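# Structure here, sequence nowhere to be found:
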């Protein structure tokens with residue numbers, strides 16, 4: 001009667017009681033269901049996979065090799081530590097800094113000298129045009145040349161570029177003259193280098209003050225250079241054909 005007097009029927013309170021009872025029963029059931037699912041997942045999960053160690057060893061992991069950690073100071077152990085230490089000793093070092101390639105090209109006026117000697121027009125005369133270069137790029141990529149250059153930028157900039165750029169003022173006139181002639185000039189230069197090395201070997205010429213064979217040790221430079229020149233001559237010959 002009090003409930004009716006308050007304007008709320010008895011059915012309303014019965015409904016709330018039933019919902020409260022159902023909620024109190026469902027909460028433990030949902031908790032139990034969650035626990036059982038987690039337990040099942042753990043039970044049927046594959047055994048833990050241990051990741052291989054990514055730690056690097058400078059002795060390549062060989063037991064018979066020296067352990068650098070035992071005979072090398074920690075301050076220079078590893079490439080990163082060594083580079084940091086070199087920077088602390090001499091900030092203007094060869095290891096961490098790059099050769100100023102573009103600055104040196106500008107300072108030496110190589111672009112102006114290239115234009116004055118007509119190197120680009122002579123290259124076109126030999127058949128090496130921009131269109132031909134575009135055609136050669138896929139072949140260079142297939143041979144891995146572009147990847148090789150990309151993966152060795154530091155070596156090329158600090159090792160090869162200084163030799164090419166600093167020697168360019170002397171080499172550009174020679175290259176321009178060879179391009180005027182074409183492939184035979186490069187073949188002749190390769191033959192001359194091989195002939196010089198052969199003459200040194202035949203006459204048992206020795207390097208002064210050290211007594212080493214000039215033919216053998218200079219041949220380590222002359223023979224590869226001759227091979228490069230012959231390859232360049234063959235390249236220009238193929239363009240002409």
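Arrived safely. All of these numbers come straight from a predicted model, not from anything done at the bench.

# residue ranges of the helices in the protein, please?
If DSSP state H is used as the criterion, the helices of the chain fall at 2-5, 10-44, 68-71, 79-89, 101-108, 110-117, 119-125, 130-142, 145-151, 153-155, 161-181, 183-202, 214-240.

# I'd like to know which of those lies nearest to residue 208.
Proximity to residue 208 (C-beta to C-beta) singles out helix 214-240 among these, at 8.9 Å. Any C-beta I mention is one placed from the backbone N, CA and C, and that applies to glycine too.

# tell me the mean pLDDT for that closest one?
Mean pLDDT, helix 214-240: 93.

# mind checking which helix or strand of this protein has the lowest mean pLDDT?
Across the helices and strands of the chain, the lowest-confidence element by mean pLDDT, DSSP states H and E is helix 2-5, at a mean of 43.

# rank the helices of the chain by pLDDT, which is bottom?
When those are compared on average pLDDT, helix 2-5 comes out lowest at a mean of 43.

# thinking again about what came up before, want to try CSV for the helices of the chain, with distance to residue 208 and mean neighbour count as columns?
Listed next are those as CSV, based on distance: least, C-beta to C-beta, whole Å; neighbours: other C-beta atoms under 10 Å:
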stretch, distance to residue 208, mean neighbour count
helix 2-5, 123, 8
helix 10-44, 80, 10
helix 68-71, 39, 10
helix 79-89, 35, 12
helix 101-108, 32, 13
helix 110-117, 34, 14
helix 119-125, 37, 15
helix 130-142, 42, 11
helix 145-151, 38, 11
helix 153-155, 32, 11
helix 161-181, 24, 14
helix 183-202, 13, 17
helix 214-240, 9, 16
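
# Wait, residue 219 touches residue 196, no?
No - counting by C-beta atoms under 8 Å, residue 196 is not a contact partner of residue 219; they are 9.2 Å apart.

# Residue 180 and residue 230, how far apart?
Counting by C-beta to C-beta, to the nearest Å, the gap from residue 180 to residue 230 is 19 Å.

# for residue 182, same thing?
As judged by C-beta to C-beta, residue 182 and residue 230 stand 14 Å apart.

# Equivalent analysis for residue 217, please.
21 Å.

# ok, now residue 104?
Residue 104 is 30 Å from residue 230, by C-beta to C-beta.

# Check residue 191 too.
8 Å.

# Repeat that for residue 100.
33 Å.

# Other residues contacting stretch 200-209?
The contact list for stretch 200-209, computed with C-beta atoms under 8 Å, 6 or more residues apart in numbering, reads 199, 212, 213, 214, 215, 216, 217, 218, 219.

# With stretch 108-123 instead?
Stretch 108-123 is contacted by residues 105, 129, 165, 166, 168, 169, 172, 173, 175, 176, 179, 180 when judged by C-beta under 8 Å, 6+ apart.

# at 10 Å instead, please
104-106, 124-125, 128-130, 132-133, 164-166, 168-169, 172-173, 175-182, 236, 239 (C-beta atoms under 10 Å, 6 or more residues apart in numbering).

# Next: stretch 233-241.
With C-beta under 10 Å, 6+ apart, stretch 233-241 has contacts from 123, 125-129, 132, 136, 178-179, 181-190.
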